[in-house]
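Peer 1: here you go, sequence then predicted model.
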Amino acid sequence: MDGEGQTKKFMFVNRKVPYGTVYALESLEVVLISAAFDQDVSLAFVDDGVYQLKNGQSTDGIGMKNFSPTYKALGDYDINKLYVEKESLEERGLSLDDLMELTYEDEDDDWAEKTSIILVSREELAEVMDQQDVLISS
Amino acid sequence: MKFTILINEGPYQHQAADSAYQFAKAALEKGHEIFRVFFYNDAVNNATRLAIPPQDDRNITVQWAELAEQNNLDMVVCIAAAQRRGMLDDDERDRQGKDASNIHPAFRISGLGQLVEGGIQSDRLITFGD
Amino acid sequence: MATISVEGKDIEVDEEGYLVTLADWVPEVAKVMSEIDEIELTDEHWDILNFLREYYEEYQIAPAVRVLTKAVAKKLGKDKGNSKYLYQLFPYGPGKQACKFAGLPKPTGCV
Amino acid sequence: MAMLHIVNKSVFERGTLDSCLKSSLSGSSILFIEDAVVSAVNNTAVSDKIKAELSSKNFYVLTPDLNARGFTDADLIEGIKGVDYAGFVDLVADNSNVQSWL
């Protein structure tokens, strides 16, 4: 199941607002499964994708499941590289304070709780993307 | 070279499924290997055996089935996405206690792990979607 | 649709015995389901079921078995946080059987 | 080897091309397929934006998609190369990784 011990760099690129389409939810489902394969998994939130991490999501009025709490479980799944693009946040009048707190416990640092969100510029993200083996966009 | 193809859109609504099919065909003609074609999101609807498109246009499900038969393609429909959208094979029909199935036998239902494995085992994973 | 009788009320379950409506869950549901599966629920079982319900409440997913064992080890101790222990309690697997008793959604069998 | 970026949306409908241009390194390749082929046509309101990138990135357009929408290679911005599906396959194989800007 782990692909004969190979480790590849997987990046899931999220560029859509949640709820209007199913892409954010179904992308998150792949991400959770990918955790079982011991790969080097990261997520990117670009353009409207940054809205997926917006805090305070409440779906009571639209009758859909609020899946935003699931992003908080990613740390338990050892997925702790969530790249958020700075320009996309700024264009939308958002800052890190508007996003959910997403953390993981660092096994190599006495289980210290650390943030999973990595704020990057467009240029920095382009470099990170360039180094990936597999980019899955939705 | 080994490719895995990920498709995210249903047939006819969006060109993604057609583009993926043309790409797969061209890759095979050039001697490449298709490790897997993975149908996710609405793309699970590519696998319906009940569609009746007009005779003067392409039949996307049949095209896939023929390509698969000629080239021994592994075509996987995501079980989670399929269940949401009412796509069932005979086994799932029985397991879930439903009264019908609709997945063409050229496709098989399996989990999302098959997509991740495709990414690991292939040289390239290419996505077609909206 | 099949039903199970809980506190004198008929509750709908699917072909595999999972709740059709998650809001129907009360502790007695776990007890009735475990009797059908011929398991006697102990405090040790309840530790896991309560943990699963709390996890689901917080994250809106059932944890993968690997995540469950790690989290149980942290919360209840290493002797309980391993899959052998969990399978002793739930022979059909913590992912399937315990989630069923705890009234969580049916796993899609995704991996 | 560099990265292949695939764009499939009309530049007049969505900002996908902008996102792709801003997030692609120089030396990378950009392929227009499906509705995005209209972005490669010359003398549009966005031609100049693409022309400005031609020196640092390689631009391609999927000719069958271009033809389907009533254009030919003669309508392209100079410097954008037309490829058929076989050429599309080569681009995927010859670049180190591929991202679809959906």
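Peer 2: Structure's in. What do you need? Residues are numbered from 1 along each chain as shown, chains lettered A, B, ... in the order given.
Peer 1: contact partners for the residue nearest to the spatial centre of chain C?
Peer 2: Geometric centre of chain C, nearest residue: residue C:98, 2.4 Å, by Cα atoms, centre = their mean. Residue C:98 is in contact with C:45, C:48-49, C:52, C:86, C:89-90, counting by Cβ atoms under 8 Å, 6 or more residues apart in numbering or on different chains. Where C-beta positions appear, they are placed from N, C-alpha and C, glycine not excepted.
Peer 1: will you turn the residues you listed into CSV that also has distance to residue D:52, secondary structure and pLDDT?
Peer 2: Formatted as CSV, the contacts of residue C:98 follow (distance: Cβ to Cβ, whole Å; DSSP: H, G, I helix; E, B strand; the rest coil; pLDDT from 0 to 100):
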residue, distance to residue D:52, secondary structure, pLDDT
C:45, 66, helix, 96
C:48, 61, helix, 95
C:49, 62, helix, 96
C:52, 56, helix, 95
C:86, 60, helix, 93
C:89, 65, helix, 95
C:90, 62, coil, 95
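Peer 1: out of those, the closest to chain D would be?
Peer 2: Distances from chain D to the contacts of residue C:98, taken as Cβ to the nearest Cβ, are shortest for residue C:52 (35.0 Å).
Peer 1: the closest one touches residue C:97, doesn't it?
Peer 2: No: counting by Cβ atoms under 8 Å, residue C:52 does not reach residue C:97; the two are 10.8 Å apart.
Peer 1: between those two, tell me which one has more neighbours.
Peer 2: Between residue C:52 and residue C:97, counting by other Cβ atoms under 10 Å in any protein chain shown, residue C:52 is the more crowded of the two (23 against 20).
Peer 1: show the pLDDT at the residue nearest to that one when sequence neighbours are not counted.
Peer 2: Closest residue to residue C:52 apart from its sequence neighbours, by Cβ to Cβ, 6 or more residues apart in numbering or on different chains: residue C:102 at 4.3 Å. Among the per-residue scores, residue C:102 holds a pLDDT of 97.
Peer 1: residue C:102: neighbouring residues, count only.
Peer 2: Residue C:102 has 26 neighbouring residues, counting by other Cβ under 10 Å.
Peer 1: for it, list the residues it contacts.
Peer 2: By Cβ under 8 Å, 6+ apart, residue C:102 lies in contact with C:25, C:30, C:49, C:52-53, C:56.
Peer 1: any idea of the pLDDT on the nearest residue to residue A:73 once chain neighbours are set aside?
Peer 2: Counting by Cβ to Cβ, 6+ apart, residue C:59 is the residue found nearest to residue A:73 once chain neighbours are left out, at 3.9 Å. We have a pLDDT of 96 for residue C:59.
Peer 1: and for residue C:59, the neighbour number?
Peer 2: There are 19 residues near residue C:59, going by other Cβ under 10 Å.
Peer 1: repeat for residue B:42
Peer 2: For residue B:42, the neighbour count with other Cβ under 10 Å is 24.
Peer 1: where does the closest residue to it other than its chain neighbours fall, phi/psi-wise?
Peer 2: Among residues not flanking residue B:42 along the chain, residue B:10 sits closest, at 3.8 Å (Cβ to Cβ, 6+ apart). Backbone geometry at residue B:10, expressed as degrees, to the nearest 10, gives phi -70, psi 170.
Peer 1: my guess is residue B:10 meets residue B:43, correct?
Peer 2: Yes: with contacts counted by Cβ under 8 Å, residue B:10 reaches residue B:43, the gap being 6.1 Å.
Peer 1: more neighbours: which of those two?
Peer 2: Counted by other Cβ under 10 Å, residue B:10 and residue B:43 do not tie: residue B:43 has more neighbours, with 27 against 20.
Peer 1: residues touching the nearest residue to that one once chain neighbours are set aside, list them.
Peer 2: Counting by Cβ to Cβ, 6+ apart, the nearest residue to residue B:43 once its immediate chain neighbours are dropped is residue B:7, at 4.0 Å. By Cβ under 8 Å, 6+ apart, the contact set of residue B:7 is B:16-17, B:20, B:37-40, B:43, B:46, B:127-129.
Peer 1: give me the common contacts of residue B:10 and residue B:43.
Peer 2: Counting by Cβ under 8 Å, 6+ apart, the residues touching both residue B:10 and residue B:43 are residue B:17.
Peer 1: neighbours of residue B:100, just the number please.
Peer 2: Neighbourhood size, residue B:100 [other Cβ under 10 Å]: 9.
Peer 1: mind pulling the model confidence for it?
Peer 2: Confidence score, pLDDT, at residue B:100: 96.
Peer 1: returning to that earlier point: among the contacts of residue C:98, which ones are buried?
Peer 2: C:45, C:48-49, C:52, C:86, C:89-90 (16 or more other Cβ atoms under 10 Å in any protein chain shown).
Peer 1: can you lay out the residues you listed as a markdown table showing distance to residue A:90?
Peer 2: Shown next, in a markdown table, are these (distance: Cβ to Cβ, whole Å):
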| residue | distance to residue A:90 |
| --- | --- |
| C:45 | 51 |
| C:48 | 45 |
| C:49 | 45 |
| C:52 | 40 |
| C:86 | 46 |
| C:89 | 50 |
| C:90 | 49 |
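Peer 1: all strands of chain A, in order?
Peer 2: Secondary structure of chain A (DSSP state E): strands at A:9-14, A:40-45, A:82-85, A:103-106, A:112-115, A:117-120, A:134-137.
Peer 1: make CSV from these and add distance to residue D:85 to it.
Peer 2: What follows is the strands of chain A, written out as CSV (distance: least, Cβ to Cβ, whole Å):
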stretch, distance to residue D:85
strand A:9-14, 24
strand A:40-45, 29
strand A:82-85, 32
strand A:103-106, 43
strand A:112-115, 44
strand A:117-120, 35
strand A:134-137, 21
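Peer 1: using TSV, lay out those together with distance to residue C:72, mean neighbour count and mean pLDDT.
Peer 2: Formatted as TSV, these follow (distance: least, Cβ to Cβ, whole Å; neighbours: other Cβ atoms under 10 Å in any protein chain shown; pLDDT from 0 to 100):
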stretch	distance to residue C:72	mean neighbour count	mean pLDDT
strand A:9-14	28	24	98
strand A:40-45	23	22	98
strand A:82-85	25	24	98
strand A:103-106	15	16	94
strand A:112-115	19	12	96
strand A:117-120	27	17	98
strand A:134-137	31	24	96
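Peer 1: chain D: which of the ones you listed is closest?
Peer 2: Evaluated over the strands of chain A, closeness to chain D peaks at strand A:134-137, with 4.2 Å, by Cβ to the nearest Cβ.
Peer 1: name every strand pairing with the closest one and say which way it goes.
Peer 2: The strands beside strand A:134-137 in its sheet (DSSP bridges) come out as strand A:9-14 (parallel).
Peer 1: hey, C-alpha coordinates of the partner strand in PDB?
Peer 2: Taking Å, rounded to 0.1, in the frame of the first residue of the first chain, the C-alpha atoms of strand A:9-14 are listed here in PDB:
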ATOM      1  CA  LYS A   9       6.000  15.100  -2.600                       C
ATOM      2  CA  PHE A  10       2.300  15.500  -3.000                       C
ATOM      3  CA  MET A  11       0.700  18.900  -3.100                       C
ATOM      4  CA  PHE A  12      -3.100  19.400  -3.000                       C
ATOM      5  CA  VAL A  13      -3.900  22.800  -4.500                       C
ATOM      6  CA  ASN A  14      -7.100  24.400  -3.400                       C
END
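Peer 1: any chance you could list what contacts that strand?
Peer 2: Here strand A:9-14 makes contact (Cβ under 8 Å, 6+ apart) with A:23-24, A:27, A:30-31, A:34, A:39-46, A:49, A:52, A:128-129, A:131-138, B:116, B:119, D:99.
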